[in-house]
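> sequence-free structure coming up:
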């Protein structure tokens, strides 16, 4: 079932460069708020040109710690600052800008979902 895109769309313009533990270059591309079934999901979409599905550069295992860091250090303060509420935070990394909800087989994308609990990000096995 395709999620319904809510009226809220926050676009980081120009892209906001972000520091992460791995040192890979990241830019915040956009923040989306949408409903998936009965929950509100807040999606933080980043451009991470060094990620790869082949393991030659920044593979998923190396980027996983960055996604937890982004949830804790960027997403939680962002949500509080903008007075947003949601049950799930999704951190996504893509090697190029992609349109949300439109398949791009050429793009490499990594995703992680978290539940915000007591100002902490709890990894969610979705």
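Structure's in. What do you need? No experiment lies behind these values; they were computed from the predicted model shown.

> Can you name the helix or strand that the residue nearest the centre of the chain falls in?
By C-alpha atoms, centre = their mean, the chain has its centre lying nearest to residue 91, at 2.1 Å. If you go by DSSP states H and E, residue 91 is part of strand 88-94.

> and that strand, what other elements does it pack with?
Judged by 3 or more C-beta pairs under 8 Å, 6 or more residues apart in numbering; DSSP states H and E, strand 88-94 is in contact with strand 26-36, strand 39-47, helix 60-70, strand 109-117. For the C-beta atoms, the positions are set from N, CA and C on the backbone; glycine is no exception.

> Neighbouring strands of the last one in the sheet, and parallel or not?
Strands that pair with strand 109-117, judged by DSSP bridges, come out as strand 88-94 (antiparallel), strand 120-124 (antiparallel).

> that older thread, wait, the residue nearest to the centre of the chain touches residue 116, no?
No: the pair residue 91 / residue 116 is not scored as a contact, 12.0 Å apart, by C-beta atoms under 8 Å.

> Which neighbours do these two have in common?
residue 75 (C-beta atoms under 8 Å, 6 or more residues apart in numbering).

> pLDDT score assigned to residue 60?
Note on residue 60: pLDDT of 89.

> for the one 10 residues further on, same thing?
On pLDDT, residue 70 comes in at 96.

> same deal with the one 4 residues further on?
Reading off the confidence values, residue 74 has pLDDT 95.

> Contacts only, for it.
18, 28, 44.

> ok, now how distant is it from residue 45?
12 Å (C-beta to C-beta, to the nearest Å).

> Look up the residues that both of those two are in contact with.
Common neighbours of residue 74 and residue 45 (C-beta under 8 Å, 6+ apart) are residue 28.

> Run a quick neighbour tally on the residue nearest to residue 72 when sequence neighbours are not counted.
Counting by C-beta to C-beta, 6 or more residues apart in numbering, residue 72 lies nearest to residue 121, which is 5.0 Å off, once chain neighbours are set aside. As a burial measure, residue 121 scores 22 neighbours (other C-beta atoms under 10 Å).

> ditto for residue 64
Residue 64 has 16 nearby residues by other C-beta under 10 Å.
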